[in-house]
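[1] no sequence for this one, just the structure:
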C-alpha cells in the first residue's frame with residue numbers, strides 16, 4: 001500500500017466551483033485523508049512539491065476496448081495489467097474494460113481475466129444489441145436480451161462494478177433492464193434503433209445513459225426524434241460522446257455540451273487496440289480494422305472505435321466547445337463517476353475518496369505526475 005505523503009504548493013481543482021484554489025493534499029493508504037490550507041502545519045517526511053502546478057482528479061473512462069496493441073476481449077491477464085498502467089500514465093485512473101460482442105465462452109474468459117488483472121469495474125457492451133445498428137459488432141455474435149443469461153454473467157462479474165449497454169427496445173427489454181438495475185448495474189441504451197417513445201420507456205425502466213450518443217443509433221429526424229433527442233432532453237439522462245472530431249463533428253460535440261451541461265455529458269474514448277500505436281492493421285472483437293491517420297475503420301467501412309485517450313478528449317472538448325480547462329474537466333471525472341455510481345469513491349478531490357490524482361502544467365496542460373490509489377504511476 002502506498003505510503004503517507006503530502007502534496008504542497010499546488011492549485012487544487014474544486015469540482016463544485018469548477019475552479020482552482022491553493023491547498024495541500026494529504027494522502028494516507030491510498031485515500032485522500034485531508035485537504036489543508038497552504039500554510040497549515042502538517043508533519044510528514046514525504047512531501048511532494050506541486051508549486052505552480054494544477055492538481056486535478058484522475059479521469060474515469062466508462063467505455064474503452066483496449067490500447068497498446070491489446071483488446072479486452074482477447075488480452076491475457078498480464079496484458080490487461082500492462083494496459084491498466086498505460087491508461088494511468090495517460091491520466092485515466094478508473095477504467096471500465098469494455099467487452100465487445102464475442103462467443104459466450106470468450107466473454108466469460110474476458111470477465112475472469114479482468115478480475116484477475118486487478119480491475120474493479122467492467123462494461124459489457126457486446127451481444128445484446130440491435131443488428132440494425134450493430135456498427136463494428138458482428139451480426140452472428142449478437143444475442144436476444146436474455147435475463148437468465150444476464151444473471152449468470154452478473155454472478156460471474158461479482159464483485160466488479162458493472163455497466164451494461166443494450167438495445168432495450170428489443171423483445172424482453174423491460175425485464176432485462178430491470179434485472180440489471182436490481183443487481184446494482186447501470187444500463188446504457190446503445191447500438192439501438194429505438195424510437196423516441198421507446199427510448200423514454202427504457203429510461204422509465206432504469207436506463208440512465210446513452211452509449212456514444214449519435215453513433216450506432218437511429219438518427220434524428222424532425223418527425224421522429226429518436227433516442228438521441230430522448231437522451232438530450234431528459235434532464236437525468238447521461239449522454240456519452242466520443243470527442244475525437246471523427247465520430248462526431250466538433251459542432252455536434254458543442255451542441256451536446258450546450259444541451260447537457262452542467263452535469264450530464266460524459267466523455268468516453270471507445271478506444272481500441274491501436275491507441276498509443278502507429279497506423280496499421282489491428283482488430284476489435286476479432287474483426288480486422290484498418291487504422292489510417294488514427295481513424296479506425298473495419299472492412300465493411302464502419303467506424304470501429306477510436307484511438308484517442310480520455311485526456312485528449314478533454315483537450316478536444318475545450319477547443320470544440322470553446323471552454324476552459326476548468327470547465328472541461330468534470331466531463332471526464334465527476335460526471336462519468338456519477339453516471340456509473342462511483343462518485344462517492346472517485347471523480348473529485350475530496351477527503352475519503354481514492355487518491356487518484358494528476359499533477360498538471362498550467363501552461364501546457366501536460367501531465368507531470370500521476371497517482372492511482374496513492375501509488376505513483378508517472
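    In hand now; what should we look at? Model, not experiment: these values are computed from the prediction. Numbers count the residues shown, from 1 in each chain.

[2] For stretch 179-198, list every residue counted as buried.
    179-181, 185-196, 198 (16 or more other Cβ atoms under 10 Å). The C-beta positions use only the backbone N, C-alpha and C, and glycine is treated the same way.

[3] swap that for stretch 31-49, please
    Neighbour counts over stretch 31-49 (16+ other Cβ under 10 Å) mark 31-33, 35, 48 as buried.

[4] Next step: those restricted to strands.
    31-33, 35, 48 (DSSP state E).

[5] What segments of the stretch 101-250 of the chain are helices?
    Per DSSP state H, counting those that start in this stretch, the stretch 101-250 of the chain carries helices over the ranges 104-116, 147-157, 173-182, 196-205, 226-233, 250-260.

[6] Mean pLDDT and distance to residue 128 added to those, as TSV?
    Formatted as TSV, the helices of the stretch 101-250 of the chain follow (pLDDT from 0 to 100; distance: least, Cβ to Cβ, whole Å):
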stretch	mean pLDDT	distance to residue 128
helix 104-116	98	11
helix 147-157	98	8
helix 173-182	98	7
helix 196-205	98	13
helix 226-233	98	15
helix 250-260	98	25
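
[7] of these, which approaches residue 244 most closely?
    helix 250-260 (9.2 Å; Cβ to Cβ).

[8] Now do stretch 187-201: everything it contacts.
    Defining contact as Cβ atoms under 8 Å, 6 or more residues apart in numbering, one finds that stretch 187-201 is touched by 125, 129-130, 132-135, 137, 163-169, 174, 177, 180-181, 202, 206-212, 216-218, 224-227, 229-231, 234, 238, 240.

[9] Of those, just the buried ones, PyMOL syntax please.
    Only the buried entries of those go into this PyMOL selection, using 16+ other Cβ under 10 Å:
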select buried, resi 125+129+130+133+134+135+137+163+164+165+166+167+168+169+174+177+180+181+202+206+207+208+209+210+211+212+216+217+218+225+226+227+229+230+231+234+238+240
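
[10] Go through the contacts of stretch 187-201 and flag which are in strands.
    Under the assignment DSSP E, the contacts of stretch 187-201 contribute 163-166, 209-210, 238, 240 to strands.

[11] hmm, which two among these are most spread apart?
    With Cβ to Cβ as the measure, no two of those lie farther apart than 166 and 238, at 15.3 Å.

[12] any idea which of the ones in strands among the contacts of stretch 187-201 is closest to residue 18?
    Nearest to residue 18 among these: residue 238, at 18.2 Å, using Cβ to Cβ.

[13] That closest one against residue 211, yeah?
    No: the criterion here is Cβ atoms under 8 Å, and residue 238 misses it with residue 211 at 9.9 Å.

[14] Take the ones in strands among the buried residues of stretch 31-49 and write them to a markdown table, including pLDDT.
    Below are these laid out as a markdown table (pLDDT from 0 to 100):
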| residue | pLDDT |
| --- | --- |
| 31 | 98 |
| 32 | 98 |
| 33 | 97 |
| 35 | 96 |
| 48 | 95 |
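
[15] And those residues, which is closest to residue 23?
    residue 35 (5.5 Å).

[16] so who does the closest one touch?
    12, 23-26, 349-351 are the contacts of residue 35 under Cβ under 8 Å, 6+ apart.

[17] Can I get the buried ones among these as something I can paste into ChimeraX?
    To isolate the buried members of the contacts of residue 35 in ChimeraX, using 16+ other Cβ under 10 Å:
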select :12,23,24,25,26,349,350
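
[18] is it possible to export the contacts of residue 35 to CSV including secondary structure and pLDDT?
    Below are these laid out as CSV (DSSP: H, G, I helix; E, B strand; the rest coil; pLDDT from 0 to 100):
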residue, secondary structure, pLDDT
12, strand, 98
23, strand, 96
24, strand, 95
25, strand, 97
26, strand, 97
349, coil, 98
350, coil, 98
351, coil, 98
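
[19] Among the contacts of residue 35, which one sits closest to residue 55?
    residue 12 (4.8 Å).

[20] give me the low-pLDDT residue ranges for this structure?
    Along the chain, the parts satisfying pLDDT under 70 run over 1-2.

[21] Am I right that residue 97 is in a strand?
    Yes: according to DSSP: H, G, I helix; E, B strand; the rest coil, residue 97 belongs to a strand.

[22] Look up the closest residue to it, ignoring the ones flanking it.
    Nearest residue to residue 97, sequence neighbours excluded (Cβ to Cβ, 6 or more residues apart in numbering): residue 72, at 4.3 Å.

[23] what number of residues lie near the one you found?
    By other Cβ atoms under 10 Å, 31 other residues sit near residue 72.

[24] Now it. Its backbone dihedrals?
    phi -60, psi -20 (degrees, to the nearest 10).

[25] who's in contact with it?
    The neighbours of residue 72, taking Cβ under 8 Å, 6+ apart as the test, are 64-66, 80, 83, 97-100, 110, 114.

[26] Can you tell me which of those is nearest residue 260?
    Taking Cβ to Cβ as the measure, residue 260 sits nearest to residue 64 out of the contacts of residue 72, at 20.6 Å.

[27] In contact with that closest one, which residues?
    For residue 64, the contacting residues are 72, 87, 92, 95-98, 268-271, 310, by Cβ under 8 Å, 6+ apart.

[28] give me that answer again for 10 Å
    Applying Cβ atoms under 10 Å, 6 or more residues apart in numbering to residue 64 gives the contacts 72, 83, 87, 92, 95-98, 123, 268-272, 275, 305-306, 309-310.

[29] contacting residues for residue 238?
    Residue 238 sits in contact with 62, 186, 188, 207-211, 213, 231, 260, 263-266, 335-336, 338-340, where contact means Cβ under 10 Å, 6+ apart.

[30] Likewise for residue 307?
    When contacts are counted by Cβ under 10 Å, 6+ apart, residue 307 touches 67, 244, 246, 269-277, 279, 282, 291, 293-296.
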